[in-house]
Structures are given as structure tokens and as C-alpha cells.
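Fold the stuff below for me.
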Amino acid sequence: MSSKTPAERRSRAMALPPLADADERAISSFLDAIWAESGLAQQTLHSYRRDLEGLARWRDGRDGGLAGADRAALFDYLAWRTRQGYSPRSNARLLSALRAFYALRVRRGERSDDPTALLEPPKLPRSLPKALAESQIDALLAAPTVDTPLGLRDRAMLELMYAAGLRVSELVNLPATAVNLRQGVLRVMGKGNKERLVPLGEEAQHWLERYLAQARPQLAGKQALKPLFVGGAGDEGAPTRQQFWGLVKRYAGAAGIDPVRVSPHGLRHSFATHLLNHGADLRALQMLLGHSSLSTTQIYTLVAREQLKQLHAKHHPRG
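Sure, this is the predicted structure:
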């Protein structure tokens, strides 16, 4: 396989022939129609245009250009892209654009056949969530300096996100009324406005109590703010998702963890993986994470299994 970089591939694409007028009209007509039918996002439409233009330039008007391509031509183009180093995910997106393009031409009676009918999409590697080791989580949670109001707030946010397995949007949008310290539970509004109750755990409850008693009154001042987590002086409302992302990266660096490997969602992945490693039931984990389907939760069993394989390979005398 070619080792060309994306920049080299873009340079190669720029050297291809300009787009023929007939191909430009066909692509523009398709994009207008699919936008009207499906209301696709502009980013998706741009991606479709880029993919279709790539095939059109590669064919350079041969045998009817883009509109006249047959199955063999599409197969050759996909094979060429693979040799050029395009990823399976990129080729899968291309095939999606081609399927939509030729399906429309068949519906309009502009073609009698669909050249993508028997083309198989490339197999995509299954991406597993990245979880931190428990020792790394301990270091990350201990990174904030808790003798300042903001530091105490950050410690409480990190502890709560890991203890409850929250999405970052759920964390920053928590109202102050979501916490019941007496019962030790958190009421979370998840995707699709689905509500769930999540236990806090002793550590998270401890840091929440300290934050609510010592830091939040100073940060909120005289404002009757509704968010559970509030900003500092001059800030209104809760920290944004982007601000919390920056906090996680900063504390990861302070804890000696590569910030590239850490994200707010990584705390949620770590929550799920560590629970499974300690024997949690998959159905219970589904409820805690707020997944509507068990199949979504099952990916964490692969993460746990992979970590066990690595542990065995590292420490077993015949690993």
C-alpha cells in the first residue's frame, strides 16, 4: 500500500484534469435533489461533492464520464484509491456518495442499472473506546489544587464525571437540583430527554459536599444561578463543554499523562471499563450509562477483554 500523506494525495488530485461541464451539472443536480429530499448537513454535501468530483476527474470524460461509469470502472477507482493510501473509512464514505448518486439517476430514468449494486463496502476496523488505567485516573483526579474555589470545583467535576459515567454535555448541564446528597444519587437527563438515577459513590459525594459548602457560594456570588457547576468571577452559568475539555487536558498534563490520550469522554469510557473489570453486570452498566441498546454497552466488554489479554501477555510466564 502507498505511504502517501494526505498532502501528497491532495497534490496528486490537483494535478488531475479539470471537471467537465457535464459532470459539474450532474453533481450539482444530485446535491440539490438530495438536499431537498433528505436535508443533509452542508458538511455532508461538501464531502459528497468532493468524492464525486474525484471520480469524475479520475475518469476524465471517458465513456460518459461520471454519469456513464459502470461497475468495473468503480471497482478500478476504488482499487486505485486503496493503492494511493486512502483509508477504508474514506472509501466507505465514497461508496455511500456513489450509491446515492446512481440511485437517483435510476429513479429519474437516466440510467437503467445501478453500478454500485454489487460493490461491497470496505471492512472498517472496530474502534474501541480508550480507557485510562485506574492509577492514571487516581492521578488525574488528584491534579486540581483544591485550596481555591475553582480548583475545588474542578475536582468535584472530575470526580463526579468518573463516578457517574456522565457524558460531558450531561455534566456541564446539570442543574443544582440534580444532586440528592442525603440519598447519594444524581438525577441525569440524557439523550432523548431520558432521565436516569445514578449513585454518586463516597468519593464523589465527599467532593460535591465540599464544593457546595465552600466553593459554589463564592463562585456564584449573589447570583441565583441554576447550574450545579458555576464559573468564576465575571462568568455566567456553567463551564462550557470546550472549557471542560481544556481543563481535562491541563490536569492530564499536570498528572504526567499524555494529554493527547485523554478526553472528557475518556472518563466515561474508564468508568464503564473499570466497572466491568471489577465484575459489574452488563445490564446494570447499560442503565448507568443511559444506553438505549445493550449492543452499545457490549463494546466495553471488548475493551475489558483486550486489557486482560495485554495483562496476561505482560505478566504470564508463557504469555
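
and Tyr77, how many neighbours does it have?
Residues lying near Tyr77 (other CB atoms under 10 Å) number 18. In this view, the C-beta of every residue, glycine as well, is placed from N, C-alpha and C.

Could you look up the SS state of it?
Of the three states, Tyr77 takes helix under DSSP: H, G, I helix; E, B strand; the rest coil.

Asp113 contacts Ala103, correct?
No. Using CB atoms under 8 Å, Asp113 makes no contact with Ala103, being 11.1 Å away.

who has more neighbours, those two?
Neighbours around Asp113 and Ala103, counted as other CB under 10 Å, are more numerous at Ala103. The numbers are 16 against 11.

name the element the more buried one belongs to?
In this structure, Ala103 sits in helix 88-107 according to DSSP states H and E.

could I have that helix exported to CSV, CA atoms only?
What follows is helix 88-107, C-alpha atoms only, in CSV (Å, rounded to 0.1, in the frame of the first residue of the first chain):
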residue,chain,number,x,y,z
PRO,A,88,-11.2,2.1,4.5
ARG,A,89,-13.4,4.7,6.2
SER,A,90,-12.7,7.2,3.4
ASN,A,91,-13.6,4.7,0.8
ALA,A,92,-16.7,3.7,2.6
ARG,A,93,-17.9,7.3,2.6
LEU,A,94,-17.1,7.5,-1.1
LEU,A,95,-19.2,4.4,-1.8
SER,A,96,-22.1,5.9,0.2
ALA,A,97,-22.0,9.0,-2.0
LEU,A,98,-21.8,6.9,-5.2
ARG,A,99,-24.8,4.7,-4.1
ALA,A,100,-26.9,7.9,-3.5
PHE,A,101,-25.8,9.4,-6.8
TYR,A,102,-26.6,6.4,-9.0
ALA,A,103,-29.8,5.5,-7.2
LEU,A,104,-31.1,9.0,-8.0
ARG,A,105,-30.2,8.6,-11.7
VAL,A,106,-32.0,5.2,-11.8
ARG,A,107,-35.1,6.8,-10.1
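
what's next to it, contact-wise?
27, 30, 33-34, 47-48, 51-52, 54-55, 66-67, 74, 78, 81-82, 111-116, 119, 121-125 (CB atoms under 8 Å, 6 or more residues apart in numbering).

ok, now with 6 Å
30, 33-34, 48, 51-52, 78, 81, 111, 114-116, 121-122, 124 (CB atoms under 6 Å, 6 or more residues apart in numbering).

Helices along the stretch 51-200 of the chain, start to end?
Ranges of helices within the stretch 51-200 of the chain are 71-84, 88-107, 134-141, 149-164, 168-172, based on DSSP state H, counting those that start in this stretch.

Tell me which of those is the most buried.
With neighbours defined as mean count of other CB atoms under 10 Å, the helices of the stretch 51-200 of the chain peak in mean count at helix 149-164, which reaches a mean of 23.

so what does that helix touch, helix or strand wise?
Judged by 3 or more CB pairs under 6 Å, 6 or more residues apart in numbering; DSSP states H and E, helix 149-164 is in contact with helix 202-210, helix 264-277.
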